[in-house]
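[1] Quick one: sequence and predicted model below, then my questions.
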Amino acid sequence: MTILRPTFLRLRAMSLRILPGHAWGKVRALGPTAQGLGLVLAVLAVVGPVLPVAIFVLLILFMIYATWAYSINLITGMTGYVSFGHVVFVGTGGYALGYGVKVWNIAPFAGVALGGVLGAVLALVIGVVTLRLRGAYFAIATLVTPLAAFYIVSGTPALGDGSGLPMNLGFQIGSQYYTIWALLAAEVALTWWVTRGRLGLGIRALREDEDAARAVGISVSRVKLILYILSGGFAGAAGAVFAWYVSGVFPDSFNLLFSLTMLAMIIIGGMGTVLGPMLGAVIVLIPHQILIRILPQGEPIAIGVSVILIALFLPGGIVGTIRQYVPDARRYFE
Amino acid sequence: MTARLAAKGIVKRFGGVTALDDVSLALDQGTVLGLIGPNGSGKTTLLNVLSGTMRPTSGGVFLDGQRIDRLPGYRVVRAGVAKTHQIPKPFPGLTVRENVLVAATFGGRAPMREGADLPEQVERILRLVELEPRAHAFASALTVQEKKRLEFGRALATGARFLLLDETFAGLSPDEVRNSVEVFQRVQAEVGFGAVVVEHVMRAVLSLAQRVLVLEEGRAIAEGTPQEVVRDPGVIEAYLGSEATNVAP
Amino acid sequence: MAEVGTVVASLVYGVLLGFVFAAIAHGLNLIWGVTKVVNAAHGEFIMLGAYGAYFLNLAWGLDPLLASVVDAGLGLAVGVVFYFAFLYRELRGKDEIGLQSELVTLVATFGLSLVLVNVGIIAWKGDPRGLRYNPGNIVLGGLSVPLGGVYVGLASLGIIAISHVFLSRTYLGNAIRAYSQDIAAAKLMGVNPTSVAAIATGIGFAMTMAGGAFLTVYLRAGITPFVGLTYAPISFVIVVLGGRGKMWGSLVGGVTIGVLLDVLQVFVPVEIAYAAAFLVVIPVLALAPEGILR
Ligand SMILES: Nc1ncnc2c1ncn2[C@@H]1O[C@H](COP(=O)(O)OP(=O)(O)OP(=O)(O)O)[C@@H](O)[C@H]1O
Ligand SMILES: [Mg+2]
């Protein structure tokens, strides 16, 4: 504690020098969670380029996963609608970029934008029909979409049939890094914004009891649909970055295991929270880098066991559980 | 001018079941209409149609002459017609105060809200429904009676001019019923909303309502003052029967 | 018109396949209908049933029909354990199973599915295992139908018929039905909710694993730990089509999907046929959420 304090004071003094007084006041008013996440993002933006390439590349992957985690958090975390088929947006975004780059020769940035738009449009189409369904019915209705998409792309010559669309874009890790950074930052800010104030209260009410929420004047259907569209858009854009990152997109981009990983990240971190998806992404991805070398199946098994234990015993995930049992720490874990 | 809620020729079918068959009603703001009838006679369904939770198969619901039966449920609430649930549906993970705050925030531009800001408004409602001491409790921790009060308070907080109350007094002890009826009357006198009150507890209906509508198998078989209705031979036969002794003043 | 002949053949194959689909979905249907919660790891128990048939064949030369009996016995035990490990905590003491319980079990069993798939990969590697079972063909009106398919199809029908008789004619079956309709009322009638739900789950698992054994006849590309990732969604679709908790619904849903898959393939590429078979669930859910049976 005593060792940490000077650094902390220096940081604050530095901020005071950079920001005019009233701006600093605003930053303080954001609360520790937003400050912490802001700091993490700022550090990522600044130190990325000076890191060794291996770590830099790993950070891109980390931010892709974090963007997916925040994406599924927008719908499943906020509303309790389990989007088992969320990977359909990832694959769609990937194919959008792949097709755009290969056939229309667009820049990868444009491909990412296209992936985001297509993800959002697809979410609109799926959501209009399926968001009226509850519980397992919604989960099942969305679950079938990536399966169908897998078969459709596997049978479509323009999308490379079963062999996908490999790309040759060269080594563009700098652009990839800042593209996904911007997406993640925007998404964290959005998540933070929708969890507070009037809208945040309405979303909490909706998650607690949809009928009651409607009965007190909340436009439940619209709120759900908007959240789902945003979530589809971000998942699609990050899916496009992923295709760019691995230089290709394949039918396996619709693999359900991606959905499961996304879901696992927010279940472990804490559903519907601002901090949870980030924690979940760290917890899911870091062991991945270690275990993958020893026993590739070790990681999914560990994730599976954590998901079981958390679902049954700590339904709030890390953030929710800390908030529940350590009231003093509540303001640090929004 | 006082507002008026009216339903004309409401028919509601579920597949083969006709839950409501040509039911009409009207009430002015400030008055209470009792809605009685045996189990399954369509009372809850009628409230669902009035509140926009369900669309009628035919017929229309009008608020001040404006048609509201084609609006989504949340718009009906904002227009000024709010419903409580027969089985209370609080937001269990929110505190009592937050429950009321949600309704006050999203319920629309309310006559109740005029001249007062949101927190004041919420405090006032908590006081009205006597839930102030429980303001910080999670709604899941409330007793049945408290949950019913909370439903009532939430409906009030939307600022609705018409409340549709589904069996607010059912499942309470006689003391609790007396107490809840008192609360209802006091709040109604202060706020001046109109209400459709569905009840099995006859005494409560008769003491609250200016007029009573009797449903049987989806049809309105009688309408009038409580005194008229309890003397109606058709009603006695269809509904009151053995219960008539409980009704005598 | 060779087309007509092809379509008829596809119809026959489709119906036989549909019977097997019905069997793998039937256990899910029973558990979902009774406990009101979904087992997201359903597919992994189909997978275990299929491996069970494979190893029984390897060890003792049992054919899938005999293996299914052993699988069913195992399934009964596994199902009861599963009930106490995954559902009991969430369902005990509740008369009304809410959305929250549905979500908790959905998520927890999804974790289980992740574990089982990967344990399967460690134990048996990812490469497909083929099971040899070929009792020959039977010629029906000029159409050659593999007997293996006929046998497992009829066995599937048998399972569904037996479960129907069990549910409608036995004390335990009636207790299960009572529990599935109204837990509070069933308790008043002297039904012990925990044992009834546990036994129903066990029976559901028995049928699921037996169905997995039958399915091996159709797994031409071999058995892999990933089998469940395809056949769980197919089972979900079937149950939704037929209507959750409607015991003949499994059959209607299964045959619908089997026929849809085989007949569509006459007209469109196989991939599109599969996509359609999955997607059909969405309009059905939107228009007839109780399923296509009345
Ligand atoms: N969503 C629905 N789908 C199908 N039938 C319904 C639905 N809601 C109500 N019904 C049927 O409509 C009829 C009227 O039901 P309703 O709940 O309105 O009666 P009620 O007068 O409120 O009864 P209770 O006194 O028991 O609350 C009943 O036959 C009921 O089964
Ligand atoms: Mg009712």
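    Yep, that arrived. Ligands and ions are numbered 1, 2, ... in the order given.
[2] Name the helix or strand for the closest residue to C:Phe84 other than its chain neighbours, please.
    Distance criterion C-beta to C-beta, 6 or more residues apart in numbering or on different chains; nearest residue to C:Phe84, sequence neighbours excluded, is C:Ala198 at 6.8 Å. (Each C-beta comes from the backbone N, C-alpha and C, glycine too.) According to DSSP states H and E, C:Ala198 maps onto helix C:193-215.
[3] quick one: the helix or strand that that helix is followed by to chain centroid distance?
    Sequence-wise, the next helix or strand downstream of helix C:193-215 (DSSP H and E) is helix C:227-242. When distances are taken as C-alpha atoms, centre = their mean, to the nearest Å, helix C:227-242 is centred 7 Å away from the chain's centroid.
[4] Just list what helix C:227-242 packs against, helices and strands only.
    Helix C:227-242 sits against helix A:135-154, helix C:2-35, helix C:42-60, helix C:99-124, helix C:193-215, helix C:249-267, helix C:270-279, helix C:281-287, with contacts defined as 3 or more C-beta pairs under 8 Å, 6 or more residues apart in numbering or on different chains; DSSP states H and E.
[5] Save those as JSON lines, and put in mean pLDDT, distance to ligand 1 and mean neighbour count too.
    Output for the helices and strands packed on helix C:227-242, formatted as JSON lines (pLDDT from 0 to 100; distance: least, C-beta to the nearest ligand atom, whole Å; neighbours: other C-beta atoms under 10 Å in any protein chain shown):
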{"stretch": "helix A:135-154", "mean pLDDT": "92", "distance to ligand 1": "16", "mean neighbour count": "25"}
{"stretch": "helix C:2-35", "mean pLDDT": "88", "distance to ligand 1": "19", "mean neighbour count": "23"}
{"stretch": "helix C:42-60", "mean pLDDT": "94", "distance to ligand 1": "29", "mean neighbour count": "24"}
{"stretch": "helix C:99-124", "mean pLDDT": "90", "distance to ligand 1": "17", "mean neighbour count": "21"}
{"stretch": "helix C:193-215", "mean pLDDT": "95", "distance to ligand 1": "24", "mean neighbour count": "27"}
{"stretch": "helix C:249-267", "mean pLDDT": "91", "distance to ligand 1": "19", "mean neighbour count": "22"}
{"stretch": "helix C:270-279", "mean pLDDT": "91", "distance to ligand 1": "28", "mean neighbour count": "20"}
{"stretch": "helix C:281-287", "mean pLDDT": "89", "distance to ligand 1": "16", "mean neighbour count": "18"}
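[6] Any chance of JSON lines for these, columns distance to C:Leu241?
    As requested, those are exported to JSON lines (distance: least, C-beta to C-beta, whole Å):
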{"stretch": "helix A:135-154", "distance to C:Leu241": "11"}
{"stretch": "helix C:2-35", "distance to C:Leu241": "9"}
{"stretch": "helix C:42-60", "distance to C:Leu241": "16"}
{"stretch": "helix C:99-124", "distance to C:Leu241": "20"}
{"stretch": "helix C:193-215", "distance to C:Leu241": "17"}
{"stretch": "helix C:249-267", "distance to C:Leu241": "4"}
{"stretch": "helix C:270-279", "distance to C:Leu241": "10"}
{"stretch": "helix C:281-287", "distance to C:Leu241": "6"}
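[7] The ones you listed: which one's closest to ligand 2?
    With respect to ligand 2, and counting by C-beta to the ion, the nearest of the helices and strands packed on helix C:227-242 is helix C:99-124 at 21.2 Å.
[8] near chain A at all, the closest one?
    Yes: for helix C:99-124 and chain A, the contact criterion (C-beta under 8 Å from any C-beta of the partner chain) is met by C:99, C:102-108, C:110-115, C:117-119, C:121-122.
[9] orientation of that helix relative to helix C:2-35 in degrees?
    With axes from the mean of the first three to the mean of the last three C-alpha atoms, to 10 degrees applied, the angle from helix C:99-124 to helix C:2-35 works out at 120 degrees.
[10] Helix or strand next in line after helix C:99-124, which one?
    Counting by DSSP H and E, the next helix or strand C-terminal to helix C:99-124 is strand C:137-140.
[11] Give the pairing partners of that next one; include direction for each.
    If you go by DSSP bridges, strand C:137-140 pairs up with strand C:143-146 (antiparallel).
[12] rounded to a whole number, what's the mean pLDDT of the strand it pairs with?
    Summarised as a single mean, pLDDT over strand C:143-146 is 82.
[13] Next: stretch A:67-86.
    The predicted confidence, averaged over stretch A:67-86, sits at 95.
[14] Could you do stretch A:229-248 as well?
    The average pLDDT for stretch A:229-248 rounds to 96.
[15] CA-only coordinates of it in PDB, if you can.
    C-alpha atoms of stretch A:229-248 as PDB (Å, rounded to 0.1, in the frame of the first residue of the first chain):
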ATOM      1  CA  ILE A 229     -28.700  -4.700 -33.200                       C
ATOM      2  CA  LEU A 230     -25.800  -3.000 -31.400                       C
ATOM      3  CA  SER A 231     -24.500  -6.300 -30.200                       C
ATOM      4  CA  GLY A 232     -24.800  -7.800 -33.700                       C
ATOM      5  CA  GLY A 233     -23.000  -4.800 -35.200                       C
ATOM      6  CA  PHE A 234     -20.000  -5.000 -32.800                       C
ATOM      7  CA  ALA A 235     -19.700  -8.800 -33.100                       C
ATOM      8  CA  GLY A 236     -19.800  -8.500 -36.900                       C
ATOM      9  CA  ALA A 237     -17.100  -5.800 -36.900                       C
ATOM     10  CA  ALA A 238     -14.900  -7.700 -34.600                       C
ATOM     11  CA  GLY A 239     -15.500 -10.800 -36.700                       C
ATOM     12  CA  ALA A 240     -14.300  -8.900 -39.700                       C
ATOM     13  CA  VAL A 241     -11.100  -7.900 -37.800                       C
ATOM     14  CA  PHE A 242     -10.700 -11.500 -36.800                       C
ATOM     15  CA  ALA A 243     -10.800 -12.500 -40.500                       C
ATOM     16  CA  TRP A 244      -8.300  -9.800 -41.300                       C
ATOM     17  CA  TYR A 245      -6.100 -11.000 -38.400                       C
ATOM     18  CA  VAL A 246      -6.000 -14.600 -39.600                       C
ATOM     19  CA  SER A 247      -6.000 -13.600 -43.300                       C
ATOM     20  CA  GLY A 248      -9.100 -15.500 -44.300                       C
END
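[16] and it, how far from the chain's centre?
    On C-alpha atoms, centre = their mean, the centre of stretch A:229-248 falls 10 Å from that of its chain.
[17] is that stretch up against chain C anywhere?
    No: Stretch A:229-248 is not in contact with chain C by C-beta under 8 Å from any C-beta; minimum separation 15.7 Å.
[18] Now that stretch: buried residues?
    A:229-245, A:247-248 (16 or more other C-beta atoms under 10 Å in any protein chain shown).
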